[in-house]
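Novice: Using only what follows, build the 3D model:
(2 chains)
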Amino acid sequence: MLDVNDIHVTYGRLRALKGVSLSVKEGEIVCLIGPNGAGKSTTLASIAGGVTPHRGTISLEGKPLAGVGPEGIARLGVSLVPEGRHVFGALTVAENLRVATYMRKDRSAIAADYDRVLALFPRLQERIGSPGGRLSGGEQQMLVIARALLTKPRLLLVDEPSLGLAPKIVDQVYDILLAARKMEGLTLLINEQSSHRILKHADRIYVIRGGHIQLHDTAANLQDGEAIKRAYFGFGEEAAIDEEDAA
Amino acid sequence: MIGLLQNLVDAANLGSLYALAALGVGLLFGILRLVNFAHGDFISIGAYALIVPSFEVTAQLFIGEWNWALMIPTVTLIVVIVALISDALVFQPLRRASAPTLMIASFAVSYVIQNGILMIYGARPKAANLWSGLDTPILLGELRVPLLQIITIGVTLALMVALTLFLKQTRYGVMMRAAAEDFRMAQYLGVNGNFVIGLAFAISGILATAVSLLYLSQTGTLAPTMGVPLALFAFVATVIGGMGSLLGAVVGGFLVGFIVIMLQAYLPEDLRPFRDAFAFTFVILILLVRPSGIVPTRAFIERV
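Specialist: As a prediction, this is how the structure comes out:
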């Protein structure tokens, strides 16, 4: 479904991605894990069109996404839930959700989708008229996921859904992502900093560090966590080279 | 007492014009982080569009002579088209540029429009009589208020209500508010960025036209730089109101109008030529007390 091929991204003089390749197949849950600053968010932003790689290609079902732009990519069925939530604070919960439906052509289906998605989020229903900025961190995370689902995506990109949330809430977030996946037939690409939760749910895992993919395997092969640890922290010779690279 | 009331009506009248201009500036700032100094020149265009192009000192009304029901939409359309063209030619290629770059580009647009007016209409100020019948004073008790001032205040209030309803109740309004708060996130949700920006330019053109017509009918003079002081005061109004807040722009506009009129009325005669210096002193004082404006928003800090 999604093919990312050797993308390079620089911010000014900082090289954030130095040749990242990954692929996601229809119906999979793929997880990209890596430490802070490894390039996880940049990878997702590149796929969603918010960042333009200066080298490499990204294609969705064989069609290249270069030059399509974020709104065009959203219309193709790729929705990004960015890190840091990005709720529209001055808009009510209902308005936040409505923004996501404006681009849709299937107007008649929207009302039903709205009810179906909202049924997953009882807490949002209670707060439907409050400004988004007044919600708690957990509620905001629910809101941005619900909002992304209302764009009717086929591929959902979720950037660090557990960031800054209590473990209990994180469990809820994952329960909802999995329920939504089942209900909507979603494909998921999720970024996380830690692997312990995601190993249960993911089909395949990529470990990224220093703008490179360090490791790629099925979750089943990685269950003991040792290989992930090595790739994540960069034990071994490769680490020294990488440090130089970063400096 | 009656003198004070009279001054308050004058303040509301001038404040209305500043508030309308400030709304146009504030709207574009909210969406695009563009401080549009060409807004004043949009206002000039709305006025010049009414007259026959010539170098004559006395302006001959052309579109200005039409029935208002036809004239207002025509002038509005002209200004909106100019606003959209300046977006397409200048600001669209600069979408990823920084806020200072955008502001300097708006100065360029401003000079191009001013010089365009110079070439077509000449440099000398012109007299023009738009809606001269509206000068008749209305007596409210002892208070004599020109009908035109009542219309100005009324039109301003009506446009504010209309803009509020548009932003709160329509899908395009909700889109614009979302984009003003977090432009990139709105795009990730499929909101078409160029469309929303174009809409903001169009609305800012409509607001500029309202100022053109009201201002011209009050002053009766056209000059190639007539819009510049209006844009300057509008900019000041958005700053003291709180950059990025439309409510702030309106409050700021009325406050600036109030300060200017009160200084004009109560400053000693010798000091009156320096009225604007005193007005800006007040602005500095307000900013010392409330650096982020009267109605602060997060929008200014937030955009990455």
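Novice: Nearest spatial neighbour of the residue of chain A found nearest chain B, chain-adjacent residues omitted?
Specialist: The minimum distance from chain A to chain B, using CB to the nearest CB, falls at A:Met103 (3.1 Å). C-betas here are computed from N, CA, C, even on glycine. Among residues not flanking A:Met103 along the chain, B:Gly190 sits closest, at 3.1 Å (CB to CB, 6 or more residues apart in numbering or on different chains).
Novice: Quick one: classify the one you found as helix, strand or coil.
Specialist: coil (DSSP: H, G, I helix; E, B strand; the rest coil).
Novice: just the one 10 residues further on next, same as before
Specialist: In terms of secondary structure, B:Ala200 is helix; the call rests on three-state DSSP.
Novice: Can you pull out the low-pLDDT segments for the stretch 201-304 of chain B?
Specialist: Counting by pLDDT under 70, the stretch 201-304 of chain B has low-confidence residues at B:298-304.
Novice: neighbours around whatever residue of chain B ends up closest to chain A, how many?
Specialist: In chain B, the residue that lies nearest chain A is B:Gly190 (3.1 Å; CB to the nearest CB). Counted with other CB atoms under 10 Å in any protein chain shown, the neighbours of B:Gly190 add up to 23.
Novice: Identify the residues contacting it.
Specialist: A:Glu71, A:Ala74, A:Arg75, A:Ala100, A:Tyr102, A:Met103, A:Arg104, A:Thr151 (CB atoms under 8 Å, 6 or more residues apart in numbering or on different chains).
Novice: Could you export these as TSV, including pLDDT, secondary structure and distance to A:Ser136?
Specialist: Formatted as TSV, these follow (pLDDT from 0 to 100; DSSP: H, G, I helix; E, B strand; the rest coil; distance: CB to CB, whole Å):
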residue	pLDDT	secondary structure	distance to A:Ser136
A:Glu71	92	helix	29
A:Ala74	93	helix	27
A:Arg75	92	helix	31
A:Ala100	92	coil	21
A:Tyr102	91	coil	26
A:Met103	90	coil	28
A:Arg104	87	coil	29
A:Thr151	91	coil	24
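Novice: Show me which of the residues you listed are buried.
Specialist: A:Glu71, A:Ala74, A:Arg75, A:Ala100, A:Tyr102, A:Met103, A:Thr151 (16 or more other CB atoms under 10 Å in any protein chain shown).
Novice: For stretch B:32-47, measure first residue to last.
Specialist: 26 Å (CA to CA, to the nearest Å).
Novice: Tell me if that stretch is near chain A.
Specialist: No: if you take CB under 8 Å from any CB of the partner chain as the test, stretch B:32-47 misses chain A, and the best it gets is 15.8 Å.
Novice: from the chain's centre, how far out does that stretch sit?
Specialist: Chain-centre distance of stretch B:32-47: 7 Å, with CA atoms, centre = their mean, to the nearest Å.
Novice: Enumerate the beta-bridge partners assigned to the spatially most central residue of chain A.
Specialist: What sits nearest the mean C-alpha location of chain A, by CA atoms, centre = their mean, is A:Val158, with 2.1 Å. A:Val158 forms beta bridges with A:Val81, A:Ile190, as assigned by DSSP bridges.
Novice: Wait, it touches A:Arg181, no?
Specialist: No: using CB atoms under 8 Å, A:Val158 is not in contact with A:Arg181; the gap is 10.6 Å.
Novice: Give me the common contacts of those two.
Specialist: By CB under 8 Å, 6+ apart, the residues touching both A:Val158 and A:Arg181 are A:Leu188.
Novice: Contact partners for the residue nearest to the centre of chain A?
Specialist: A:Val81, A:Ile145, A:Leu177, A:Leu188, A:Leu189, A:Ile190, A:Asn191.
Novice: Can you select the buried ones among those for me in PyMOL?
Specialist: This is the PyMOL syntax for the buried subset of those, where burial follows 16+ other CB under 10 Å:
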select buried, chain A and resi 81+145+177+188+189+190+191
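Novice: what pLDDT, on average, does the longest helix seen in chain A get?
Specialist: When chain A is parsed with DSSP state H, its longest helix is helix A:167-184. Helix A:167-184 shows a mean pLDDT of 88.
Novice: just how off-centre is it within its chain?
Specialist: 14 Å.
Novice: Tell me the buried residues in it?
Specialist: Under 16+ other CB under 10 Å, the buried positions of helix A:167-184 are A:Ile169, A:Val170, A:Gln172, A:Val173, A:Tyr174, A:Ile176, A:Leu177, A:Ala180, A:Arg181, A:Glu184.
Novice: hmm, which two among those are most spread apart?
Specialist: Within those, two members stand farthest from each other by CB to CB: A:Ile169 and A:Glu184, at 21.7 Å.
Novice: wait, isn't B:Arg205 in contact with B:Ile45?
Specialist: Just so we're on the same page, residue B:205 is Gly rather than Arg. No: contact status for B:Gly205 versus B:Ile45: not in contact, 9.1 Å apart, counting by CB under 8 Å.
Novice: quick one: common contacting residues for the two?
Specialist: What both B:Gly205 and B:Ile45 touch, as defined by CB under 8 Å, 6+ apart, is the set B:Val79, B:Val82.
Novice: Backbone dihedrals for A:Ser41, please?
Specialist: phi -60, psi -40 (degrees, to the nearest 10).
Novice: I figured it hits A:Leu80, correct?
Specialist: No: the criterion here is CB under 8 Å, and A:Ser41 misses it with A:Leu80 at 9.9 Å.
Novice: picking up where we left off before, the residue of chain A closest to chain B touches B:Gln187, doesn't it?
Specialist: No: applying CB under 8 Å, one finds A:Met103 not in contact with B:Gln187, separated by 10.2 Å.
Novice: Common neighbours of the two, please.
Specialist: With CB under 8 Å, 6+ apart as the test, A:Met103 and B:Gln187 both reach A:Glu71, A:Ala74.
Novice: Is B:Leu157 in a helix, a strand, or coil?
Specialist: B:Leu157 is classified as helix under three-state DSSP.
Novice: what do you get for the one 5 residues further on?
Specialist: Per three-state DSSP, the secondary structure class of B:Ala162 is helix.
Novice: Give me the number of neighbouring residues for it.
Specialist: B:Ala162 has 12 nearby residues by other CB under 10 Å.
Novice: Now do stretch B:70-89, average pLDDT.
Specialist: 95.
Novice: What residues sit buried inside that stretch?
Specialist: Buried-residue list, stretch B:70-89, by 16+ other CB under 10 Å: B:Met71, B:Val75, B:Thr76, B:Ile78, B:Val79, B:Val80, B:Val82, B:Ala83, B:Leu84, B:Ser86, B:Asp87.
Novice: For those, please prepare TSV with the additional fields distance to B:Ala265 and secondary structure.
Specialist: Output for the buried residues of stretch B:70-89, formatted as TSV (distance: CB to CB, whole Å; DSSP: H, G, I helix; E, B strand; the rest coil):
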residue	distance to B:Ala265	secondary structure
B:Met71	34	helix
B:Val75	33	helix
B:Thr76	34	helix
B:Ile78	36	helix
B:Val79	33	helix
B:Val80	37	helix
B:Val82	36	helix
B:Ala83	35	helix
B:Leu84	40	helix
B:Ser86	38	helix
B:Asp87	40	helix
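Novice: Kindly export stretch B:156-168 (C-alpha atoms) in PDB.
Specialist: In PDB, the C-alpha atoms belonging to stretch B:156-168 read as follows (Å, rounded to 0.1, in the frame of the first residue of the first chain):
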ATOM      1  CA  THR B 156     -19.700  48.600  10.800                       C
ATOM      2  CA  LEU B 157     -21.800  46.800  13.300                       C
ATOM      3  CA  ALA B 158     -23.700  44.900  10.600                       C
ATOM      4  CA  LEU B 159     -20.500  43.800   8.900                       C
ATOM      5  CA  MET B 160     -19.100  42.600  12.200                       C
ATOM      6  CA  VAL B 161     -22.200  40.600  13.000                       C
ATOM      7  CA  ALA B 162     -22.100  39.100   9.400                       C
ATOM      8  CA  LEU B 163     -18.500  38.200   9.800                       C
ATOM      9  CA  THR B 164     -19.100  36.600  13.200                       C
ATOM     10  CA  LEU B 165     -22.000  34.500  11.800                       C
ATOM     11  CA  PHE B 166     -19.900  33.500   8.800                       C
ATOM     12  CA  LEU B 167     -17.000  32.400  11.000                       C
ATOM     13  CA  LYS B 168     -19.200  30.500  13.500                       C
END
